[in-house]
Structure formats: structure tokens, C-alpha cells
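Chemist: Coordinates only, no sequence provided:
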């Protein structure tokens, strides 16, 4: 953390995102929401201990009293309900001034009650996290609260309710590894210290820059770093996007280029490779009124060649999730991010649009080391398992399995300036040991034109440009 990074109190953090907040009453007993039989959860708190808590840690009661007097809070989290950007929400806000925002048994009580309230009232959960980890003075009784938090998050996820985390300074330890990193969408304030290891337990030679919100964004663990002034609007947009399910597939976007259907296979390839044709960003801008992006595969990687997020349709105002290739060879991180997007949309019952445009999956040595095959398999599996409707538009190159992984079975469409092929014509010719001058003839034999794809039953139809009102 740098000196310029503010550390908001729990109430100040709440005031950053909403002007109205109703605090939940203090839970008086463990909350046990109805759920199917499951493995036993950690022992619930609310156990009555003697002086200084479960470990009889000398001076612990006095430390708590001083923290309460200093902060005006009775525990390290404040939980309640509020309306954020027009969406009713359960808010969880950490008070770092109360014993470093540490997680103890009473913290677990409050978090469990907040999630139970969210499920009972069908509300999304937003966690404004600032914590140093588990409370040492409660020992293992504090640490097992991480299991309890993970269970509550899982129950809320299974209920089909979105969870968003906002990482404040600092977000470390178990709070980062559960409520933070485990959220569906992870936002962070600029300069916030974020990492599993807190500043006092890292290796002496560790680079402090690696434990920042910006570093976690680059590593694919955070979706966006958001200045405080922009947080209310973006958080409100995210809550709106993730809280509006729909059972109907979205229509494919109209083509953006007035291109005639190709007469040859090679012409189809040339049209798709034309640098000035519309790419994914142009299609998303034309199709969606507002959108918010997710970033990263949560495994250490990002890929600028795969755009993923949620948006609002210009026609009809419905929410749609999108995964869009940008014309480059897709990296393993891109496929894992797309799989994450599709599974999240499926759980929240939000229809998905995929835009296919890639010469193929990246096949360099680094891509292999990063698990290219497993990443592509992950997307195939996410598409195959999705219960929410998927729509695909082929907008450029459709290079082999790296493109097909994103294609919706039985609901894929094509633009006139696109092609889909089992392999690029040049590579097909090389595999067949044909000379370079036979590449164009090979392209014709592959039957890769949009109209060929319709005849072969690979795509449902060809999308023409939208006609202007006369």
C-alpha cells in the first residue's frame, strides 16, 4: 500500500456506493438455511466462552472493547440491505479499524446471517472487503470461519444469486481467498493491497508491486480496477446486468459490412482476412447499449483477443452475456475466461452470444505450456453443458477447433464476410503435400464459404446487413 491509498471505514465504504442502508439485526443464534443434505459444516459460533474468548487469550476482551470504542462498531463487519443503482442488495462491509478487519466467530455469525437473508429475499450480495485475515486471538476457531464463509457463498451461488466483491485496502488472507476471489465479479479500488499473504508474512525479497489490485488485474484475478468516483455507477450496472435472467435466446446481430457472398473459397478467406472489415468491438458497440467486461481466467492469465462480459441489448433491453474473439489466435487464458463467462451466465440464466473470429487457437510453445488443449476442452464442455440458450455469429475467420469451441450447436449463423474450415487452406495443402499454387483450389474443395456452410448444415443461415428505413 502507498500513503495515497485511502482506507475507508465500513460506513464510508457503504456511503461510496449507496445513500441508503438498513443494518441487519445482530444474529442471536446460528443461522441454518434450508438446504439439501451436505457434509457437516464447521462448528457454529454463539458458543459461550469465558473471559478473552475460546483461547482465553489474555487481553483479548480489552482489545475488542478498545476497537469498539475507536470505531463505533461491535464487530469487524457491518451487514445490511441497500438499493444500489436501482437494485435491492445485501451489503457486507468490513471495518478494518476493528482488529484489522479480522475474521472471528462473531464475524462468521454476521456473514452467515447476511447470506441467509439474501437467499430468503432473493437478493444479490455485494462484499466491500478490507481485511487482514483470520483473528489470531481466536486461533483455529477463527480459521474455520473460512469454511463457513465458503459454504454460505456456495449456497448463495446454488440459489442462482450473483455475488460481487469490491476489494478495498487491504484485502489479504482468508477474506481474499473466500469472499474476494470467490465472487462472480471482482472489482478493486486503485492501489489497494490485494494478496493472500499480508505485508508482515511475505518473503523478505517479495516485490510489493505484486500484491496490488493492478497486479491482480494483470494476473487475471480481478475484473476491473475502479476509481471510487466511478464505483457507484459501475456497481449499479453490474447488479442490473446480473439480476435479469431470460429464458429466450438472443437473435444474432445483423452483418455490419455490405459484402457480397464470395464466389470461391479463396475469396471467402480473403474477405474474412480483410483488415478493414468490422471486428468484434464494432459488433458489440452496434448490438449493446451498455456493457461491462470481466477479465482473466482466475489462473494467472488474460487474453486481449477474447472479450467477455455482460451487456444490455439495444433492441428490447434484455441482458446478454458475450464472449467474442477479436481476430487473433486465441490464448489458453482466453478460452478459460470464456468458459468462466458461459458458466456464470448459465447459473444466472442469462442468454449468451458468442462471436467467432480467429485463425485458430494459439499453438506456440508457451500456449502448450499454459494448457491449450485443456483450455479448449473447458470451453467445449461449458457450451455443451449450458442450459441457458446460446447464439453464435461467425464474423470473420473460423479456424478449426479453436473457433468451433465457441460455436453454439444448432444456433450458429454467419456473415457474408466469414468462413469456417476444418483447417486453414494453406495448412490443409501442406498436410496433403500440395504445392503452394494449389492452396486456392484446396480452399474451394473444403467448401468453407458461408453458403457452403448453410448447405452442409453447419450454420443456420447468413445474416445480412440491417436495411435502413426508407
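Modeler: Right, received. Where do you want to start? Just so we're clear, the structure is a prediction, and the values are computed from it rather than from any experiment.

Chemist: In terms of pLDDT, where does residue 28 sit?
Modeler: Residue 28 is assigned a pLDDT of 53 by the prediction.

Chemist: Identify the residues contacting stretch 279-286?
Modeler: 253, 256, 291, 307, 311, 314, 322, 324-327, 355, 357, 393, 395-396 (C-beta atoms under 8 Å, 6 or more residues apart in numbering). Quick note: C-beta positions are derived from backbone N, CA and C, even for glycine.

Chemist: Residue 210: how many residues sit nearby?
Modeler: 14 (other C-beta atoms under 10 Å).

Chemist: Quick check: closest non-adjacent residue to it.
Modeler: In space, and not counting its chain neighbours, residue 210 is closest to residue 195: 7.2 Å by C-beta to C-beta, 6 or more residues apart in numbering.

Chemist: Who are the contact partners of that neighbour?
Modeler: 172, 176, 202, 210, 211, 216.

Chemist: who does the helix or strand hosting residue 118 touch, helix- and strand-wise?
Modeler: Taking DSSP states H and E as the definition, residue 118 sits inside helix 105-121. Applying 3 or more C-beta pairs under 8 Å, 6 or more residues apart in numbering; DSSP states H and E, we find helix 105-121 packed against strand 77-84, strand 87-94, strand 125-131, helix 145-158.

Chemist: Okay, buried residues for it please.
Modeler: Across helix 105-121, burial judged by 16 or more other C-beta atoms under 10 Å covers 105-119.

Chemist: cool, stretch 69-86 as well?
Modeler: 71, 73, 75, 76, 77, 78, 79, 80, 81, 82, 84, 85.

Chemist: Over to stretch 362-381?
Modeler: 362, 367, 370, 371, 372, 375, 376, 378, 379, 380.

Chemist: so what's the residue nearest to residue 210 bridging to?
Modeler: residue 172 (DSSP bridges).

Chemist: follow-up on the earlier one: in ChimeraX, select just the buried ones from the contacts of stretch 279-286.
Modeler: The buried residues among the contacts of stretch 279-286 can be selected in ChimeraX (16+ other C-beta under 10 Å) with this line:
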select :253,256,291,307,311,322,324,325,326,327,355,357,393,395,396
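
Chemist: ok, of the contacts of stretch 279-286, which one's closest to residue 412?
Modeler: residue 393 (7.7 Å; C-beta to C-beta).

Chemist: Report the rounded mean pLDDT for whichever strand or helix holds that closest one.
Modeler: Element membership of residue 393, judged by DSSP H and E, is strand 390-399. Averaging pLDDT along strand 390-399 gives 97.

Chemist: Only the buried residues of the next helix or strand after it, if you could.
Modeler: Sequence-wise, the next helix or strand downstream of strand 390-399 (DSSP H and E) is helix 400-404. By 16+ other C-beta under 10 Å, the buried positions in helix 400-404 come out as 400, 402, 403, 404.

Chemist: Now those in CSV, please, with extra columns for distance to residue 342.
Modeler: Listed next are the buried residues of helix 400-404 as CSV, based on distance: C-beta to C-beta, whole Å:
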residue, distance to residue 342
400, 20
402, 16
403, 15
404, 15
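
Chemist: How about the closest residue to residue 126 other than its chain neighbours: which residues does it bridge to?
Modeler: Distance criterion C-beta to C-beta, 6+ apart; nearest residue to residue 126, sequence neighbours excluded, is residue 164 at 4.9 Å. Note on residue 164: beta-bridge partners by DSSP bridges are residue 126, residue 185.

Chemist: distance of residue 164 from residue 10?
Modeler: 17 Å (C-beta to C-beta, to the nearest Å).

Chemist: Look at those two and report which has more neighbours.
Modeler: residue 10 (27 against 21).

Chemist: what about the closest residue to residue 162 other than its chain neighbours, distance to residue 251?
Modeler: Spatial nearest neighbour of residue 162, excluding adjacent residues (C-beta to C-beta, 6+ apart): residue 242 at 3.7 Å. Distance of residue 242 to residue 251, computed by C-beta to C-beta: 22 Å.

Chemist: which one of the two has more residues nearby?
Modeler: residue 242 (24 against 15).

Chemist: ok, the more buried one touching residue 185?
Modeler: Yes: shown here, residue 242 and residue 185 form a contact pair, counting by C-beta atoms under 8 Å, at 7.3 Å.

Chemist: what's the lowest-mean-pLDDT helix or strand in the chain in contact with?
Modeler: The weakest-scoring helix or strand in the chain, judged by mean pLDDT, DSSP states H and E, is helix 173-175 (a mean of 92). If you take C-beta under 8 Å, 6+ apart as the criterion, helix 173-175 is touched by 94, 101, 103, 129, 131-134, 143, 145-146, 149, 196-198.

Chemist: Which of the residues you listed are buried, as a PyMOL select command?
Modeler: Buried subset of the contacts of helix 173-175, written as a PyMOL selection, criterion 16+ other C-beta under 10 Å:
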select buried, resi 94+101+103+129+131+132+133+134+143+145+146+149+196+198
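
Chemist: Could you identify the least confident member of the contacts of helix 173-175?
Modeler: residue 198 (77).

Chemist: Point out where the stretch 151-300 of the chain drops to low pLDDT.
Modeler: Applying pLDDT under 70 to the stretch 151-300 of the chain flags no residue at all.

Chemist: Could you export the helices and strands packed on helix 105-121 as a markdown table, including distance to residue 462?
Modeler: As requested, those are arranged in a markdown table below (distance: least, C-beta to C-beta, whole Å):
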| stretch | distance to residue 462 |
| --- | --- |
| strand 77-84 | 43 |
| strand 87-94 | 39 |
| strand 125-131 | 43 |
| helix 145-158 | 39 |
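
Chemist: right, and these - which one's nearest residue 416?
Modeler: strand 87-94 (40.3 Å).
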